[in-house]
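K.L.:
Pasting a predicted model and its sequence here:
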Amino acid sequence: MIQRASEVLDMLEKDGKSGTHKSLANDLPLFSAVQASPPSGPGKVEKRLAGASPDELSPREALALLYELKELLGEKR
């Protein structure tokens, strides 16, 4: 991304007075490369959180829930 920004800056500096920089803005696919599809529904973590009652958890149970959620996300303890 930084390399591309340097290229664009060089082009703008060279062609700044000629007016070609207007079409350059359309050639900046900064956000088109990442197109995340919306989730189709609640995931495992969301479902587990929806079933939890924080006010009813003991500190030990809350800690266990955190570890469980991290495991659901694929993180190791």
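P.N.:
Structure received. Numbers count the residues shown, from 1 in each chain.

K.L.:
Identify the residue nearest Leu49 in space, chain neighbours excluded?
P.N.:
Nearest in space to Leu49, with sequence neighbours left out and distances taken as CB to CB, 6 or more residues apart in numbering, is Leu69 at 7.2 Å. Bear in mind the C-beta positions are built from the backbone N, C-alpha and C, glycine included.

K.L.:
my guess is that neighbour contacts Gly51, does it?
P.N.:
No: Leu69 is not in contact with Gly51 according to CB atoms under 8 Å; the separation is 11.6 Å.

K.L.:
before we move on, back to that, may I have the residues that are in contact with the residue nearest to Leu49?
P.N.:
Contacts were defined as CB atoms under 8 Å, 6 or more residues apart in numbering; by that measure Leu69 touches 45, 48-49.

K.L.:
Tell me the helix or strand right after the least confident helix or strand in the chain by mean pLDDT.
P.N.:
Using mean pLDDT, DSSP states H and E, the weakest-scoring helix or strand in the chain turns out to be helix 21-24, at a mean of 58. As assigned by DSSP states H and E, the chain's next helix or strand after helix 21-24 is helix 44-50.

K.L.:
Against which helices or strands is that next one packed?
P.N.:
Where contact means 3 or more CB pairs under 8 Å, 6 or more residues apart in numbering; DSSP states H and E, helix 44-50 is packed against helix 59-72.
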